[in-house]
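Participant: task: produce atomic coordinates for the following.
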Amino acid sequence: MLSFSNDVDILKYEPVLFGQLHFPGQVLIEGTGGELDGTTFTKTGEDFESAGVLAGGVVYLQDSEGDLDGAYEIVSVDSATELTVSVVRADSDGD
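Facilitator: You can find the predicted model right below:
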């Protein structure tokens, strides 16, 4: 099936759909213990590739201190345990 949009396209207009109002069927992986270092998100013990996580998707990140709480664009799936993420960009296709 050909998609006419990615999750990140929806995020630009309806960010609440990826936070409090998300649909359970949207969630490919969930859990705790991930680490964000710059634009690299790592989660050991999970397999992003097998779960179907793709560039253009969205990851919702939140920490216990409240410093990090929001949805981010998945720019690339770098390995089974590592993603490159970004704040939402105006043009996801451009460099």
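
Participant: give me the phi and psi for the residue most central in space within the chain.
Facilitator: By Cα atoms, centre = their mean, the mean C-alpha position of the chain lies nearest to V59, the distance being 1.9 Å. When read as degrees, to the nearest 10, the backbone of V59 gives phi -120, psi 130.

Participant: quick check: next helix or strand after the worst-scoring helix or strand of the chain on mean pLDDT?
Facilitator: Within the chain, no helix or strand scores below helix 7-13, which has a mean of 70 by mean pLDDT, DSSP states H and E. Once the chain leaves helix 7-13, the next helix or strand it forms, by DSSP states H and E, is strand 35-37.

Participant: list the buried ones in that following strand?
Facilitator: Neighbour counts over strand 35-37 (16 or more other Cβ atoms under 10 Å) mark L36 as buried. (Each C-beta comes from the backbone N, C-alpha and C, glycine too.)

Participant: next SSE after that strand?
Facilitator: strand 40-42.

Participant: and that next one, what does it pack against?
Facilitator: strand 82-86 (3 or more Cβ pairs under 8 Å, 6 or more residues apart in numbering; DSSP states H and E).

Participant: can I get the strand it packs on in PDB? Just the C-alpha atoms.
Facilitator: Taking C-alpha atoms only, strand 82-86 is exported to PDB below (Å, rounded to 0.1, in the frame of the first residue of the first chain):
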ATOM      1  CA  GLU A  82      19.900   3.400  17.200                       C
ATOM      2  CA  LEU A  83      17.900   6.200  15.600                       C
ATOM      3  CA  THR A  84      18.800   9.700  14.400                       C
ATOM      4  CA  VAL A  85      16.100  12.100  15.600                       C
ATOM      5  CA  SER A  86      15.400  15.800  15.000                       C
END
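
Participant: that strand pairs with which strands?
Facilitator: strand 40-42 (antiparallel), strand 69-79 (antiparallel) (DSSP bridges).

Participant: centre of the chain versus the shortest one, how much separation?
Facilitator: Just to be clear, that refers to strand 40-42. 10 Å (Cα atoms, centre = their mean, to the nearest Å).

Participant: identify the residues contacting V8.
Facilitator: Under the criterion of Cβ atoms under 8 Å, 6 or more residues apart in numbering, the neighbours of V8 are G56, G57, V58, E73, I74, V88, S92.
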